[in-house]
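Novice: For reference, the sequence and a predicted model appear below.
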Amino acid sequence: MARFTLPRDLYYGKDALENLKNLSGKKAIVVSGGSSMKKGGFLDKTEAYLKEAGMEVKFYEGVEPDPSVETVMKGAAAMTEFDPDWIVAIGGGSAIDAAKAMWAFYEYPETTFEDLCTPFNFPKLRTKAKFCAIPSTSGTATEVTAFSVITDYAKGIKYPLADFEITPDVAIVDPALVEKLPIKQVAYTGMDALTHAIEAFVSTLNSPFTDPLAIKAIEMVFDYLPASYNMDMDAREQMHYAQCLAGQAFSNALLGIVHSMAHKTGAAFSTGHIPHGCANAIYLPYVIKYNAHEPEAMRRYADIARRVGLGGTSEKSQVNALIAKIEEFNRLMNIPKTIQEFGVQEAEFLEKLDAIAENAVNDACTGSNPRTITPEQMAKLFKCTFYGTEVDF
């Protein structure tokens with residue numbers, strides 16, 4: 001038996017934000033990240049709509065990119081003090097992810113972060129509050145997923161938290177929030193969305209319910225991401241919907257080792273953080289080459305290529321066409337081909353390689369990858385992504 005879970009309500013399109021005024025409750029805490037939502041007037045609008053709904057409103061602002069365990073605990077303490085019955089998270093994936101984790105600690109102060117790291121081990125939520133998510137980027141799709149990623153900076157590891165309990169009750173996908181995204185962020189989040197859809201389609205947990213969402217998302221990314229990158233606002237709106245479709249697919253089909261690798265290297269190197277979408281974009285072509293040695297994965301990658309109209313007369317040539325298309329997008333949007341090109345130093349990479357490989361194999365996303373992988377194979381794959389060498393194993 002399997003399960004397919006989405007938010008109870010999803011509002012999208014122009015002025016979708018105003019649906020906040022239809023929420024029913026007494027108190028709402030609004031969790032946000034940096035200053036872009038405030039500068040754009042979206043926090044003021046959020047507050048006005050919630051007050052129109054008859055709620056008292058409190059803000060918890062300043063969630064950092066790749067939120068830390070410490071930020072989560074501070075936010076949970078603010079929630080405990082305010083006692084809201086709605087948590088409204090607005091901003092990038094980091095703000096929404098942090099708010100999801102805060103929600104668990106707000107409702108269950110005695111739980112530990114280690115408890116939540118076990119996949120699908122969350123306690124029953126909604127005993128105190130419901131959750132509304134409003135994304136301001138077009139990539140993570142955390143507004144419709146059962147996932148949150150929190151970083152332990154002391155260990156240099158990102159932990160993906162997974163449980164259907166943290167699937168939001170309400171998602172609001174309003175394209176106005178992404179009109180002023182910097183193009184680098186458009187590139188990284190767009191490739192994150194593509195990775196979500198491709199990994200969901202080839203996941204061992206793919207299903208007739210997730211496949212149509214994944215394929216449609218892939219088609220839309222290929223159709224609209226370059227124009228969105230070049231500031232076409234109609235294309236940017238369509239990318240906002242594409243990433244949401246991809247999220248609905250991977251929340252139920254899960255992901256694969258592209259994400260395992262990105263989770264374990266994003267905060268691992270002293271030369272600087274590798275943005276999640278950038279890491280996914282770098283790793284994706286290499287992982288497809290690795291996974292395609294598994295016949296069923298080869299078949300499904302070739303199916304993607306056929307469905308989006310790429311060339312090739314054999315499965316192998318169709319998979320190569322898919323890889324070439326991804327690499328073309330990376331070049332078009334100035335995404336590095338290797339993590340060495342990104343700026344990671346060779347000595348530090350080699351020093352940390354075995355530990356990173358072990359951590360990546362143990363990541364929650366590895367279990368649904370279509371081809372199994374050992375720590376030794378993972379280390380070899382990481383070397384390919386560092387030096388740009390061929391994946392021939």
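Specialist: Great, that's in hand.
Novice: quick one: the strands in the stretch 151-300 of the chain?
Specialist: 157-162, 170-173 (DSSP state E, counting those that start in this stretch).
Novice: partner strands of the first one, parallel or antiparallel?
Specialist: When sheet partners are counted by DSSP bridges, strand 157-162 sits next to strand 147-152 (antiparallel).
Novice: Only the C-alpha atoms, please, for the strand it pairs with, written as PDB.
Specialist: Output in PDB follows, covering the C-alpha atoms of strand 147-152 (Å, rounded to 0.1, in the frame of the first residue of the first chain):
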ATOM      1  CA  PHE A 147      10.200  17.800   3.600                       C
ATOM      2  CA  SER A 148      12.300  20.300   5.400                       C
ATOM      3  CA  VAL A 149      16.100  20.800   5.200                       C
ATOM      4  CA  ILE A 150      17.900  22.000   8.300                       C
ATOM      5  CA  THR A 151      21.600  22.500   8.700                       C
ATOM      6  CA  ASP A 152      23.800  21.600  11.600                       C
END
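Novice: rewinding a little: please identify the deepest-packed of the strands of the stretch 151-300 of the chain.
Specialist: strand 170-173 (a mean of 25; mean count of other Cβ atoms under 10 Å). Every residue, glycine included, has its C-beta placed from N, CA and C.
Novice: which residues of the stretch 101-250 of the chain fall in helices?
Specialist: Per DSSP state H, counting those that start in this stretch, the stretch 101-250 of the chain carries helices over the ranges 113-117, 183-202, 211-229, 233-253.
Novice: For those helices, could you give me TSV that also reports distance to Ala89?
Specialist: Shown next, in TSV, are the helices of the stretch 101-250 of the chain (distance: least, Cβ to Cβ, whole Å):
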stretch	distance to Ala89
helix 113-117	17
helix 183-202	17
helix 211-229	22
helix 233-253	14
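Novice: Of these, give the one that comes closest to Ser24.
Specialist: helix 233-253 (24.0 Å; Cβ to Cβ).
Novice: Need the residue closest to the centroid of this structure.
Specialist: Thr140 (3.0 Å; Cα atoms, centre = their mean).
Novice: which residues sit in contact with it?
Specialist: Residues in contact with Thr140 (Cβ atoms under 8 Å, 6 or more residues apart in numbering) are Gly92, Gly93, Ile96, Asp97, Thr189, Asp192, Gln243, Gly247, His276.
Novice: export the residues you listed to a markdown table and tack on pLDDT?
Specialist: Putting the contacts of Thr140 into a markdown table (pLDDT from 0 to 100) gives the following:
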| residue | pLDDT |
| --- | --- |
| Gly92 | 92 |
| Gly93 | 91 |
| Ile96 | 97 |
| Asp97 | 96 |
| Thr189 | 96 |
| Asp192 | 97 |
| Gln243 | 98 |
| Gly247 | 97 |
| His276 | 92 |
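Novice: By neighbours, which of those residues wins?
Specialist: Ile96 (34 neighbours; other Cβ atoms under 10 Å).
Novice: Is it located within a helix, as I assumed?
Specialist: Yes - counting by DSSP: H, G, I helix; E, B strand; the rest coil, Ile96 is located in a helix.
Novice: What is the nearest of the contacts of Thr140 to Asp211?
Specialist: For those, the nearest to Asp211 is Gly247 (14.8 Å; Cβ to Cβ).
Novice: Quick check: the closest one vs Gly25, distance?
Specialist: 25 Å (Cβ to Cβ, to the nearest Å).
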